[in-house]
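Asks: Structure for the following, please:
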Amino acid sequence: MQISLRKRLFLSAIVVLICFLGVTGLALDRAYQDSVTTSHREALIGYLYAFLAASDVDENGLLNVANNLLERRFSLPGSGLYASVIVSDDSRQIWASPSLLGVELPSIPMLNTGVMSFSQQFNSKQEGFFVLNFGVAWQLNNDFIRYVFTIAEDLDRYQNEISTYRKTLWFWLGALAILLLVVQGLVVQWGLRPLRKVADEIRAIEGGEKDSLSGVYPKELSHLTNNINDLIRNERNHLIRYRNTLGDLAHSLKTPLAVLQGYFEQTNTDSDAKETASAQLWRMQEIVDYQLQRAAVSGKQTFNKPVEILPVADQIINALDKVYIAKQIATQTDIDAELKFYGEKGDLMEVLGNIFDNAYKWAKSRIEISIRANEQTDKRRPAIQITVEDDGPGIDREKINRITQRGVRGDEREGPPGQGIGLSVVQDIVESYSGELSFSETALGGCKVSIHFPAY
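Replies: Below is the predicted model of the structure:
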């Protein structure tokens, strides 16, 4: 199933927006995370320097920390900001801030003097921390004592900042996406307006409401619309020239043939020669009649005013009821009142007239006529199925395959007179509309004629 241009453009806009805003959101989110991580790192470094400034080692090698010089949160248990000091030689903790009470820090690495490390780590309980470690060497009595100072902060504050930012970011990106989709929809609506106008005018031409495209279109479409108008005009002119030429040719031959036929009938010519000449003249007359009927056939055209089938069928049936009133034929019809034939009315009358007339000629007392639309939901115009059945003698099986050949009649031994041209004309018309004509036996005992015009 083909997707409309409007849906294609709208779906494309949705995909582009999702990709663009998605990548933008991820990039902004990553940039914000890096920025917040950097700010937390800088804050921990500031706490570390304050910690070093408030620390001193006495002559016995004991570390003293002036708590009044430290951030107040170091003194509050569970505040989220922690500090500790270990001796590098034996990893022994010699000092911890009161805030570290009941809190387990991740393992602290041994660092060389002057080396600083910052990372996001987890303890054995999978509790997350920003951890800043710094190796320090303290000189005491011509000797050095090496420590690792650790400043840690739990991730709750960091995660809350990221969560709040993400909610705000994706809310506004979503709102922006909706706004852009609305704007894109309006742009697509405005941009495709000329195409919708072309489609509306073509439907009007098909419905017989207009003869050509008459709107003013952008330069990208003007060449197309001009070519469509040329196509419509050339098709109609070609049809008219074809019909006129064929009709003129047939009429120009009709008079000489009539003169020759009258001449042979009035002259005392040898009987065999006269019979041969008359047969050939009659044959030529049949050809002329056939071509005259073909000249009336329009065939399938791109732009046709639709013809309602029911009134045409009723008109033909009423006329045939009067012609064959003596036979008292019961005609049962099943014709869709809404069904339309997209072609020339003359073609429709030629098809229905011939097959209805044949049914009336050969039927004994009953005819069934059905004209319905086949379900074709994916086509602009539905398929049409025409079925005519009678209770006559039917058609010999060996003639079914060649009954539509010109001059071949269903039963040449008896029955109403005819030239055998009608069904060949019907065949030409049906084929010109890409349809199918078939004959078969029917449960009524006679012939069943089926005509199928495809959807398109």
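Asks: pLDDT value on the residue located most distally from the centre of the chain, please?
Replies: Most distant from the centre of the chain: residue 141, at 87.5 Å, with distances by CA atoms, centre = their mean. If you check residue 141, the pLDDT there is 74.
Asks: got the phi/psi numbers for it?
Replies: Main-chain torsions, residue 141, degrees, to the nearest 10: phi 50, psi 60.
Asks: Tell me who's in contact with it.
Replies: residue 59 (CB atoms under 8 Å, 6 or more residues apart in numbering). In this view, the C-beta of every residue, glycine as well, is placed from N, C-alpha and C.
Asks: And residue 189, by the same measure?
Replies: By CB under 8 Å, 6+ apart, the contact list for residue 189 reads residue 6.
Asks: quick one: buried residues of the helix or strand hosting residue 179?
Replies: Assigned by DSSP states H and E, residue 179 belongs to helix 156-191. By neighbour count on 16 or more other CB atoms under 10 Å, the buried set for helix 156-191 is 158, 162, 165, 169, 170, 173, 177, 180, 184, 188.
Asks: Likewise for stretch 29-41?
Replies: Using 16+ other CB under 10 Å as the test for burial, stretch 29-41 gives 36, 40, 41.
Asks: any idea how far the second one lies from residue 173?
Replies: Taking CB to CB, to the nearest Å as the measure, residue 40 and residue 173 are separated by 25 Å.
Asks: just the last one next, same as before
Replies: In this structure, residue 41 and residue 173 are 28 Å apart, going by CB to CB.
Asks: Can you give me the neighbour number for the closest residue to residue 363 other than its chain neighbours?
Replies: Counting by CB to CB, 6 or more residues apart in numbering, residue 390 is the residue found nearest to residue 363 once chain neighbours are left out, at 3.8 Å. Counted with other CB atoms under 10 Å, the neighbours of residue 390 add up to 28.
Asks: How about residue 221?
Replies: Residues within reach of residue 221, counting by other CB under 10 Å, total 17.
Asks: what sits against it?
Replies: 194, 195, 198.
Asks: let's go with 6 Å and repeat that
Replies: residue 194 (CB atoms under 6 Å, 6 or more residues apart in numbering).
Asks: Now it: phi and psi?
Replies: The phi/psi pair for residue 221 (degrees, to the nearest 10) reads phi -110, psi -20.
Asks: Quick check: it vs residue 213, distance?
Replies: Counting by CB to CB, the gap from residue 221 to residue 213 is 10 Å.
Asks: ok so, going back, beta partners for the residue nearest to residue 363?
Replies: For residue 390, the beta-bridge partners under DSSP bridges are residue 367.
Asks: didn't it look like it was pressed against residue 446?
Replies: Yes. Using CB atoms under 6 Å, residue 390 is in contact with residue 446, at 4.1 Å.
Asks: Is residue 453 bridged to anything, and to what?
Replies: residue 384.
Asks: Strands of the stretch 251-400 of the chain, residue ranges please.
Replies: Assigned by DSSP state E, counting those that start in this stretch, the strands in the stretch 251-400 of the chain fall at 307-308, 330-335, 340-341, 366-374, 383-390.
Asks: Tabulate the ones you listed (JSON lines), appending mean pLDDT.
Replies: Below are the strands of the stretch 251-400 of the chain laid out as JSON lines (pLDDT from 0 to 100):
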{"stretch": "strand 307-308", "mean pLDDT": "88"}
{"stretch": "strand 330-335", "mean pLDDT": "90"}
{"stretch": "strand 340-341", "mean pLDDT": "88"}
{"stretch": "strand 366-374", "mean pLDDT": "90"}
{"stretch": "strand 383-390", "mean pLDDT": "92"}
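Asks: Throw the ones you listed into TSV and include distance to residue 46, thanks.
Replies: Shown next, in TSV, are the strands of the stretch 251-400 of the chain (distance: least, CB to CB, whole Å):
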stretch	distance to residue 46
strand 307-308	90
strand 330-335	94
strand 340-341	86
strand 366-374	83
strand 383-390	83
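Asks: wait, which of these is closest to residue 127?
Replies: Closest approach to residue 127 among the strands of the stretch 251-400 of the chain is made by strand 366-374 (72.3 Å; CB to CB).
Asks: Check which helices and strands the closest one sits against.
Replies: With contacts defined as 3 or more CB pairs under 6 Å, 6 or more residues apart in numbering; DSSP states H and E, the packing partners of strand 366-374 are strand 330-335, strand 383-390.
Asks: Using CSV, please lay out those together with distance to residue 5.
Replies: What follows is these, written out as CSV (distance: least, CB to CB, whole Å):
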stretch, distance to residue 5
strand 330-335, 38
strand 383-390, 27
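Asks: returning to what we had before: looking at the strands of the stretch 251-400 of the chain, which is closest to residue 450?
Replies: That would be strand 383-390 among these, by CB to CB, at 5.3 Å.
Asks: by contact count, what packs against that closest one?
Replies: Strand 383-390 packs on helix 345-362, strand 366-374, strand 447-453, going by 3+ CB pairs under 6 Å, 6+ apart.
Asks: Please export the alpha-carbon coordinates of the shortest one; PDB is fine.
Replies: These are the backbone C-alpha positions of strand 447-453, laid out as PDB (Å, rounded to 0.1, in the frame of the first residue of the first chain):
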ATOM      1  CA  CYS A 447     -26.200 -19.300 -22.400                       C
ATOM      2  CA  LYS A 448     -24.400 -17.200 -19.700                       C
ATOM      3  CA  VAL A 449     -22.500 -14.100 -20.900                       C
ATOM      4  CA  SER A 450     -20.000 -12.700 -18.500                       C
ATOM      5  CA  ILE A 451     -18.200  -9.300 -18.900                       C
ATOM      6  CA  HIS A 452     -15.600  -8.100 -16.400                       C
ATOM      7  CA  PHE A 453     -14.300  -4.600 -16.500                       C
END
